[in-house]
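K.L.:
generate coordinates for the sequence data below:
(one chain, ligands or ions: 2)
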Amino acid sequence: MPAPHWPAPTATAPVTATVALPGSKSVTNRALLLAALADGPGTVRRALRSRDADLMASALRALGATLVATGETAAGVDWRVTPGPIRGGASIDAGLAGTVMRFVPPMAALADGPVFFDGDPHARKRPMGPILDALRALGARIDNDALPFTITGPLTGGEVTLDASGSSQFVSGLLLTAARFEKGVTIRHVGPPVPSQPHIEMTVQMLRAAGVTVDDGERDVWRVQPGPIAARDMTVEPDLSNAAPFLAAALVTGGTITIPSWPVHTTQAGDALRGLLTAMGATITRSPSTTDAPHPANRPEAHPTGQPGAHAHPTGRPGGEAGPDTTDLVVTGSGVITGIDADLRDVGELTPTIAALAALATTPSRIRGVSHLRGHETDRLAALATEINRLGGDAEETDDGLIIRPRPLHGGTFHSYDDHRMATAGAVIGLAVPGVAVENIATTAKTLPEFVQMWTAMLDTP
Ligand SMILES: O=C(O)C1=C[C@@H](OP(=O)(O)O)[C@@H](O)[C@H](O)C1
Ligand SMILES: C=C(OP(=O)(O)O)C(=O)O
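P.N.:
Numbering: from 1, shown residues only. Ligands and ions are numbered 1, 2, ... in the order given. Model prediction:
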């Protein structure tokens, strides 16, 4: 029986709270995969525990890696990862995780036998063609153009051309394993612009931190030299994209939200919230990190390099990985939200929160550059327009985004479409609109299983 809809709490006063966020999904799933491909045992600290991260851990185990949790706190889990020979015969569940369905197949193509992939019903609709064609061009055999499929190596690598306008994950997926291909890889993108450039930058920086030679000097071309991927000891940054609904609460209620341990330098898309929320009327300041328990990366023992095969990054701080330079991010709203005209191509995963704020704004908004969101957890452009309009709003889909005009909203059901960020967008609207019930709030477990507790605690903070 489906769980009852979640009555989204309405704020009765400005919220003032400190919200500590668990680790980044994007960093966690890259770090685990790189650790499983490395030249020795390594450690991933403060990794996210969520459905997507658990699916990645299970996939890597199925392919022969050993993952042992050596410690777990509210901030995340510390994984000791020991690579093994890459095993065929595995069956991988990608769930609805883009990072599993696009990042793991290139590794599976190095296995000693066929590997089967499937996922949630909607996962079968998410675009896979360009990365599967690329893997074919590099030597693998694959029996379908979307999930479910079986991939059979060997794969030698080499040069490949693909259209990555549908998802940056096609490029990141190939890059992450490429150093283990006999010939490395040269990827050339041809087509409309590749979205989510910061996520590709995150991939490149994490590879370089593991000693891999990556040349991204030519636009839309990436070259990875074959060679070892160094085992490391690294710490995952907090998930800045998951900060979005909490920071939005400051704008909606005219309150103040503080996020501890916000990295000063990062490749996470969520860092763009600083500019976007300022444009929508927030005041943002940074103050020395005082509110958080000391972050492991801030302690001297954070980067032990004593184990054989373990390497610390020379600066200890490649983008995406927690380092010593963090501050508290303090966001204060005035209670009045200004509409925005923004190209979100590089930070598409922030769209549901920005659209929720736009639906509560006093002036119109236009969101551009995000046609690729039709291939996300759901068609997010259609879903956002439908759900905002269901509550009485005025949202219109365009070819590449949304136009949202001010109109008073009323209560009703806000459907999540099994999309974690739709569910949290419903929660944001519910802060201002009494009677909003979010269908399937549990889908937030994709990247933030503690969402409801954290939201309630935020509202309960005196
Ligand atoms: O590489 C990653 O970790 C991600 C890349 C982006 O994908 P798209 O380029 O498909 O939008 C982003 O939206 C997704 O949430 C995570
Ligand atoms: C698009 C997203 O996820 P995925 O990694 O499944 O593509 C997202 O988290 O917004």
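
K.L.:
return the set of buried residues in stretch 101-115.
P.N.:
101-111, 114-115 (16 or more other C-beta atoms under 10 Å). Where C-beta positions appear, they are placed from N, C-alpha and C, glycine not excepted.

K.L.:
contact partners for whichever residue of the stretch 251-400 of the chain sits closest to ligand 2?
P.N.:
Nearest residue of the stretch 251-400 of the chain to ligand 2: Glu349, at 3.5 Å (C-beta to the nearest ligand atom). Shown in contact with Glu349 (C-beta atoms under 8 Å, 6 or more residues apart in numbering): 196, 241, 269, 376, 421.

K.L.:
any idea how many residues pack against the closest residue to Met202 other than its chain neighbours?
P.N.:
In space, and not counting its chain neighbours, Met202 is closest to Thr267: 3.9 Å by C-beta to C-beta, 6 or more residues apart in numbering. Close neighbours of Thr267, defined as other C-beta atoms under 10 Å, add up to 24.

K.L.:
what secondary structure does the residue nearest to Gly184 when sequence neighbours are not counted sit in?
P.N.:
The shortest distance from Gly184 to any non-neighbouring residue, by C-beta to C-beta, 6+ apart, is to Pro226 (4.1 Å). Of the three states, Pro226 takes coil under DSSP: H, G, I helix; E, B strand; the rest coil.

K.L.:
doesn't Thr186 make contact with Pro226?
P.N.:
No: contact criterion C-beta atoms under 8 Å: Pro226 and Thr186 do not qualify, at 11.6 Å.

K.L.:
hang on, the earlier thing: Met234: which of the buried residues of stretch 101-115 is nearest?
P.N.:
Comparing the buried residues of stretch 101-115 against Met234 with C-beta to C-beta places Phe103 closest, at 16.8 Å.

K.L.:
from the stretch 251-400 of the chain, which residue is nearest to ligand 1?
P.N.:
Glu349 (3.9 Å).

K.L.:
doesn't that residue belong to a helix?
P.N.:
Yes: per three-state DSSP, Glu349 lies within a helix segment.

K.L.:
look at it and report its pLDDT.
P.N.:
What the model reports as pLDDT for Glu349 is 98.

K.L.:
go on, Ala312?
P.N.:
For Ala312, the model assigns a pLDDT of 32.

K.L.:
just Glu321 next, same as before
P.N.:
70.

K.L.:
same question, Thr73
P.N.:
As predicted, Thr73 sits at a pLDDT of 88.

K.L.:
ok, now which ones touch the closest residue to ligand 2 within the stretch 101-250 of the chain?
P.N.:
Shortest the stretch 101-250 of the chain-to-ligand 2 distance, computed as C-beta to the nearest ligand atom: residue-wise this is Gln169, at 6.3 Å. Taking C-beta under 8 Å, 6+ apart, we find Gln169 in contact with 98-99, 102-103, 131, 196, 199.

K.L.:
got it, and Pro105?
P.N.:
115, 117, 131-132, 135, 142, 151, 173.

K.L.:
tell me which of these is nearest to ligand 1?
P.N.:
Distances from ligand 1 to the contacts of Pro105, taken by C-beta to the nearest ligand atom, are shortest for Gly173, at 8.3 Å.

K.L.:
would you mind measuring from that closest one to Ser241?
P.N.:
Distance, Gly173 to Ser241, using C-beta to C-beta, to the nearest Å: 19 Å.

K.L.:
if you count surrounding residues, which of those two has more?
P.N.:
Neighbour totals were compared for Gly173 and Ser241, and Gly173 leads with 28 against 23 (other C-beta under 10 Å).

K.L.:
next, find the distance separating the more buried one from Arg102.
P.N.:
From Gly173 to Arg102 the distance is 4 Å (C-beta to C-beta).

K.L.:
what touches both of the two?
P.N.:
With C-beta under 8 Å, 6+ apart as the test, Gly173 and Arg102 both reach Ile131.

K.L.:
quick check: phi and psi at Val81.
P.N.:
Val81 adopts backbone torsions of phi -110, psi 120, taken as degrees, to the nearest 10.

K.L.:
which ones are touching it?
P.N.:
Contacts of Val81 by C-beta under 8 Å, 6+ apart are 32, 35-36, 38, 41-44, 60, 65-67.

K.L.:
now the buried members of the residues you listed.
P.N.:
32, 35-36, 38, 41-44, 60, 65, 67.

K.L.:
just put these in JSON lines and tack on pLDDT.
P.N.:
Below are these laid out as JSON lines (pLDDT from 0 to 100):
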{"residue": "Leu32", "pLDDT": "98"}
{"residue": "Ala35", "pLDDT": "98"}
{"residue": "Ala36", "pLDDT": "98"}
{"residue": "Ala38", "pLDDT": "98"}
{"residue": "Pro41", "pLDDT": "98"}
{"residue": "Gly42", "pLDDT": "98"}
{"residue": "Thr43", "pLDDT": "98"}
{"residue": "Val44", "pLDDT": "98"}
{"residue": "Leu60", "pLDDT": "98"}
{"residue": "Ala65", "pLDDT": "98"}
{"residue": "Leu67", "pLDDT": "98"}
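
K.L.:
widest-spaced pair of these?
P.N.:
Thr43 and Leu60 (14.5 Å).

K.L.:
against which helices or strands is the helix or strand hosting Leu273 packed?
P.N.:
Per DSSP states H and E, Leu273 falls inside helix 273-279. Helix 273-279 sits against helix 244-253, strand 283-288, with contacts defined as 3 or more C-beta pairs under 8 Å, 6 or more residues apart in numbering; DSSP states H and E.

K.L.:
for Val224, see how far away the residue lying closest to Trp222 once chain neighbours are set aside is.
P.N.:
Sequence neighbours aside, Ile187 is the residue nearest to Trp222 in space, at 4.7 Å (criterion: C-beta to C-beta, 6+ apart). Separation of Ile187 from Val224 (C-beta to C-beta): 8 Å.

K.L.:
what does Ser334 give?
P.N.:
47 Å.

K.L.:
also Leu174?
P.N.:
8 Å.

K.L.:
again with Ala179
P.N.:
Counting by C-beta to C-beta, the gap from Ala179 to Val224 is 6 Å.

K.L.:
could you do Pro238 as well?
P.N.:
28 Å.

K.L.:
show me which of those two is the more surrounded one.
P.N.:
Ranked by neighbour count (other C-beta under 10 Å), Pro238 and Val224 place Pro238 first, with 29 against 26.

K.L.:
list the contacts for the more buried one?
P.N.:
Here Pro238 is in contact with 20-24, 259-263, 322 (criterion: C-beta under 8 Å, 6+ apart).

K.L.:
since that was my last question, I'll sign off now.
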